[in-house]
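> got a sequence here, can you build the structure:
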Amino acid sequence: MKIAITSQNRRTVTAHAGRCRRFWVYDVEDGRVTGKALLELAKTDTLHEVSPGIPHELTAIDALVSTGMCDNLVARLKRNGIEARQTACEEPDEALQRLLAEGVS
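Alright, predicted model coming up:
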């Protein structure tokens, strides 16, 4: 499973998922993190810019976590088989652990 977390500043979970260019992408197997990499999109490849589609770099993810995203983006992600989750947690690794504890569809 791949989970992307918005992190425009590379340190914290950030809002405005549609305009975010930087994501921590975690590989998770059997509830354990097996990999973590920073994904950086070009300005022309953000979720906002490629609407109504999904940037090809994000098509392999199973879930997207952010501190904020609009209902239209949540619906678009769902149509593309990606679970959208919002969090109040600011630390990406902690946000991931909370998501895993809650369960991902």
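
> list of residues touching stretch 89-101?
3, 5, 7, 12-13, 24, 26, 28, 31, 33, 63, 65, 67, 85, 87 (C-beta atoms under 8 Å, 6 or more residues apart in numbering). Just so you know, the C-beta spots here come from the backbone N, C-alpha and C atoms, and that holds for glycine as well.

> again, only using 10 Å
By C-beta atoms under 10 Å, 6 or more residues apart in numbering, the list of residues contacting stretch 89-101 from outside reads 1, 3, 5-7, 10-14, 23-24, 26, 28, 31-33, 36, 63, 65-67, 83, 85-88.

> and if you look at stretch 27-44?
Outside stretch 27-44, the residues that touch it by C-beta under 10 Å, 6+ apart are 1-5, 7, 10, 19-26, 47, 49-50, 55-58, 61-63, 92-93, 96-97, 99-101, 103-104.

> which PyMOL command selects the buried ones in these?
Applied in PyMOL, the following selects the buried portion of these according to 16 or more other C-beta atoms under 10 Å:
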select buried, resi 2+3+4+5+7+20+21+23+24+25+26+47+50+55+58+61+63+92+96+99+100
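
> restricted to strands, list the contacts of stretch 27-44.
Counting by DSSP state E, the contacts of stretch 27-44 place Lys2, Ile3, Ala4, Ile5, Arg22, Phe23, Trp24, Val25, Tyr26, Ala63 in strands.

> check contacts around the last one.
The neighbours of Ala63, taking C-beta under 10 Å, 6+ apart as the test, are 1-5, 26, 28, 77, 82-85, 96, 99, 104-105.

> and it, bridged to which residues?
Note on Ala63: beta-bridge partners Ile3, Glu83, judged by DSSP bridges.

> mind checking the SS state of Thr44?
Per DSSP: H, G, I helix; E, B strand; the rest coil, the local secondary structure of Thr44 is helix.

> for it, give its distance to Cys20.
When distance is defined by C-beta to C-beta, to the nearest Å, Thr44 is 14 Å away from Cys20.
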